[in-house]
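**Q** I would like to see how this sequence folds:
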Amino acid sequence: MKARTSAAALAAAITILLTGCGQGNDSSERERETASESSSSVSSHEESSSTAESSQAESSSNTESSQAESSSTAESTQADSSEKATTTGQTSSASSAAPSTTAAATTTTAAAAAPHDESGTANKSANYAAVPTSGSWVNGVFVCDRNKGDRIRGLIGFYGSESCGQKFAAMVNDVKKAVGDKVNVYTLGAPVSSAFYTPKGVTGVTTDQHKAILDLSKTLDKSIKNIDTYAALASHTNEYIYYRTDHHWTTLAAYYAVKEFAKAANVPYAPLSSYEKCVKTRFTGSMYTYSNYPEFKTYPDTYTYYKPKNKYTTTYYNGAFQNGTASQLFLDSAVGSNSYCTILGSDLNLAEIKTDVKNGRTLVLIKDSYGNALTPYFVGSFEKIYVLDMRYTTVNLRSFFKKVGATDILFGSSLSSFYTPSRVDGIRAIL
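**A** Prediction:
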């Protein structure tokens, strides 16, 4: 039981630390953020912490290293599971804000798409898309299909309680009230990898992430469009939609998610074939960094990203929307474990993107690092785009929305961030 508790604590800590676009960037800032919630979430993980191959004992030895914040798993704080809730256990219920009394929101569900839609990458026999058959915890990462070559995959968990989702939805309702009827508000929560790649029969890695998305609509105001990102991805699981060695979704997954958002927002959306495709090889990310399991390095990922071809300019500001500097949307020089930082470069920046689209629409994206992959796909849809990271921005949101003339506000991040009270509280603090 003690080993199980330690594994849960370590996995929760890792969940919080894996919140940036690169493992080496801004680590001290992340640790400070992590330390603030450290004690609130491991309590109910003891029971179901042994999963597939019961190798939890491996996890207990590293508990000290990232104990900074054991808050991302269970309900209690679901804490900073912004992209990494890799704990072991199931959710019970957390203390979160009471549900809103507003009418239920509309959940926008993707129609079943042909598996070969526009990507050209579908391959049912590809190892990158194979659902693992086994797995066990290694230093807070659920490592699947060891000793099976390029089937190796690291998973992060999700344990979202309905009460945490209600707290997030109530905050989004308050944003909608603040901006009024003329501004559109949307939610787009990206499932984490365990939603689709947990080995069959294994418990304690994730609760039902599709249900977690749909549950938000029970509390969200009916005018807020809740994008069913799970449905948008479910017909593409035979494609390269999640990395095996990193905790993020791929830019291809983000493309399918934004495609559904564009339908809900009634904005133009360019087909993937119209983008410039760029590829970086030998990307080994956070699953290797935290598990230190060598097979991840032997069988790395490929990082593919897509550049829009229409005209646009990018300016970066600090988190207070000051000191603007003309720059680039893509940091092509990012390599290796920092490849995911290719888009936007740093989570600390507030980005302003002005495009040649003339439709009078201004999008404000409030994101965590999953939102980085979304950003390029808005360039052909909106006249202006502003990208704020919910963890680092300090702008007063009400004033900011007015200042930039926001017509559309999108909460686009990992689903874990929606179910993390600290994230919600952080947004409320600047509203």
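**Q** averaged over its residues, what pLDDT does stretch 187-205 have?
**A** The average pLDDT within stretch 187-205 is 97.
**Q** Number of residues surrounding the closest residue to I343 other than its chain neighbours?
**A** Excluding the flanking residues, the one nearest I343 by CB to CB, 6 or more residues apart in numbering is N372, at 4.6 Å. Just so you know, the C-beta spots here come from the backbone N, C-alpha and C atoms, and that holds for glycine as well. Other residues within reach of N372 by the criterion other CB atoms under 10 Å amount to 27.
**Q** so who does N372 touch?
**A** Listed by CB atoms under 8 Å, 6 or more residues apart in numbering, the contact partners of N372 are 21, 340-341, 343-344, 347.
**Q** what's the answer for T355, then?
**A** T355 sits next to 310-312, 379-380, 382-385 when contact means CB under 8 Å, 6+ apart.
**Q** For it, give the beta-bridge partners.
**A** According to DSSP bridges, the partner residues bridging T355 are Y312.
**Q** Let's see the pLDDT reported for it.
**A** Looking at T355 specifically, the model assigns a pLDDT of 98.
**Q** still on that earlier bit, rebuild the contacts of N372 as a markdown table, extending it with distance to T284.
**A** A markdown table is the format used below for the contacts of N372 (distance: CB to CB, whole Å):
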| residue | distance to T284 |
| --- | --- |
| C21 | 15 |
| Y340 | 11 |
| C341 | 14 |
| I343 | 18 |
| L344 | 21 |
| D347 | 20 |
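**Q** and S134, how far is that from R153?
**A** With distances taken as CB to CB, to the nearest Å, S134 is found 11 Å from R153.
**Q** For the two, indicate the residue with more neighbours.
**A** In terms of neighbours (other CB under 10 Å), R153 is the more surrounded of S134 and R153; the figures are 27 against 17.
**Q** circling back to that earlier point, tell me, what's touching S134 and R153 both at once?
**A** Going by CB under 8 Å, 6+ apart, residues that sit against S134 and also against R153 are 144-145.
**Q** Paired strands for the helix or strand hosting Y305, with orientation please.
**A** Secondary structure assigned from DSSP states H and E places Y305 in strand 301-307. Strands flanking strand 301-307 in the sheet, each with its direction: strand 276-283 (antiparallel) (DSSP bridges).
**Q** name the helices or strands packed onto the helix or strand just after the strand it pairs with?
**A** Counting by DSSP H and E, the element after strand 276-283 in chain order, helix or strand, is helix 286-291. Using 3 or more CB pairs under 8 Å, 6 or more residues apart in numbering; DSSP states H and E as the contact test, the elements touching helix 286-291 are strand 141-144, strand 153-155, helix 295-298.
**Q** One more pass at 6 Å, please.
**A** Using 3 or more CB pairs under 6 Å, 6 or more residues apart in numbering; DSSP states H and E as the contact definition, the elements that helix 286-291 packs against are strand 141-144, helix 295-298.
**Q** Now mean pLDDT, distance to D389 and mean neighbour count too, for these, in JSON lines please.
**A** Listed next are these as JSON lines, based on pLDDT from 0 to 100; distance: least, CB to CB, whole Å; neighbours: other CB atoms under 10 Å:
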{"stretch": "strand 141-144", "mean pLDDT": "98", "distance to D389": "24", "mean neighbour count": "30"}
{"stretch": "helix 295-298", "mean pLDDT": "95", "distance to D389": "27", "mean neighbour count": "17"}
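**Q** Which one of these lies nearest to I227?
**A** strand 141-144 (26.6 Å; CB to CB).
**Q** Mind listing the strands that closest one pairs with, and their directions?
**A** Here strand 141-144 has these sheet partners by DSSP bridges: strand 135-138 (antiparallel), strand 153-155 (antiparallel).
**Q** contacts for that strand?
**A** Counting by CB atoms under 6 Å, 6 or more residues apart in numbering, the neighbours of strand 141-144 from elsewhere in the structure are 86, 132, 135, 153-155, 205, 287, 290-291, 293.
**Q** And R398, how close does it get to R361?
**A** Plainly put, R398 is 20 Å away from R361 if you go by CB to CB.
**Q** As a check, name the ranges of all helices in this structure.
**A** 2-17, 27-35, 57-60, 162-179, 194-197, 209-219, 229-234, 251-265, 286-291, 295-298, 397-404, 415-418, 421-429 (DSSP state H).
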